[in-house]
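Q: Sequence and predicted structure below; questions after.
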Amino acid sequence: LTNTKRALQKKYGLEGRKVHIKTIQRNITKFERDLTLKRTCTGGGARTATVGRNVKKVEEVLEQSPRRSIRNISKKTKLSHTAVWRILRKELGKFPYRIQMLQQQTAINKQQRLKFAKEFSSKIEEDSEFLGNLITASITWLKEQFEDRVISRRTDFAWPP
């Protein structure tokens, strides 16, 4: 063991530092037992906040008012907000989302989109600076390029193309 200790000190530049023999013995024992020195335990205690009774508490509060925030549920259940977050995501499979406005896709709409994509592609081929202009473009420039069609919700121009 002493020779091993000296060899390790020399190899890893630990001269002058203490390498305990118990550490070397522990590593040898672990290697003989597991055939690896990789740590198998991650450390820390088991998470107790996600036990069944806490999951049930969170579920009940969520049933009463599904729009409650994580912090509000946390106060109501007397669990940390991190524990509530874990329970919602990992145990109950709940994720935050917002309802988004979507346009109904019709056959006519698909044709219009295809026409717009082809027109856009041809503009890129015609003018090498088209994309650079588009990124810094004003509404008037876009109106000139695409007549009365502008990609914007906040204008009165017709969309989709």
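A: Structure received. Numbers count the residues shown, from 1 in each chain.

Q: CA only for contacts and neighbour counts going forward, please
A: Will do.

Q: any idea how far residue 110 is from the residue nearest the centre of the chain?
A: Nearest to the mean C-alpha position of the chain, by Cα atoms, centre = their mean, lies residue 95 at 11.8 Å. Here residue 95 is placed at a distance of 31 Å from residue 110 (Cα to Cα, to the nearest Å).

Q: Report the buried residues of the helix ranked longest in the chain.
A: The residue-count maximum for a helix in the chain (DSSP state H) belongs to helix 107-126. Neighbour counts over helix 107-126 (16 or more other Cα atoms under 10 Å) mark 116, 120, 123 as buried.

Q: before we move on, what about stretch 49-66?
A: 49-50, 54-55, 57-59, 61-62.

Q: now do stretch 2-14
A: The neighbour-count check on stretch 2-14 (16+ other Cα under 10 Å) flags 5, 9 as buried.

Q: Please give the centre-to-centre distance between it and its chain.
A: Taking Cα atoms, centre = their mean, to the nearest Å, one finds the center of stretch 2-14 at 44 Å from the center of the full chain.

Q: Residues contacting the host helix or strand of residue 33, please?
A: According to DSSP states H and E, residue 33 maps onto helix 21-34. With contacts defined as Cα atoms under 8 Å, 6 or more residues apart in numbering, helix 21-34 is touched by 1-2, 5, 36-37.

Q: Throw those residues into a markdown table and include distance to residue 71, secondary structure and pLDDT, thanks.
A: As requested, the contacts of helix 21-34 are exported to a markdown table (distance: Cα to Cα, whole Å; DSSP: H, G, I helix; E, B strand; the rest coil; pLDDT from 0 to 100):
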| residue | distance to residue 71 | secondary structure | pLDDT |
| --- | --- | --- | --- |
| 1 | 55 | coil | 69 |
| 2 | 57 | helix | 75 |
| 5 | 53 | helix | 72 |
| 36 | 43 | coil | 80 |
| 37 | 42 | coil | 77 |
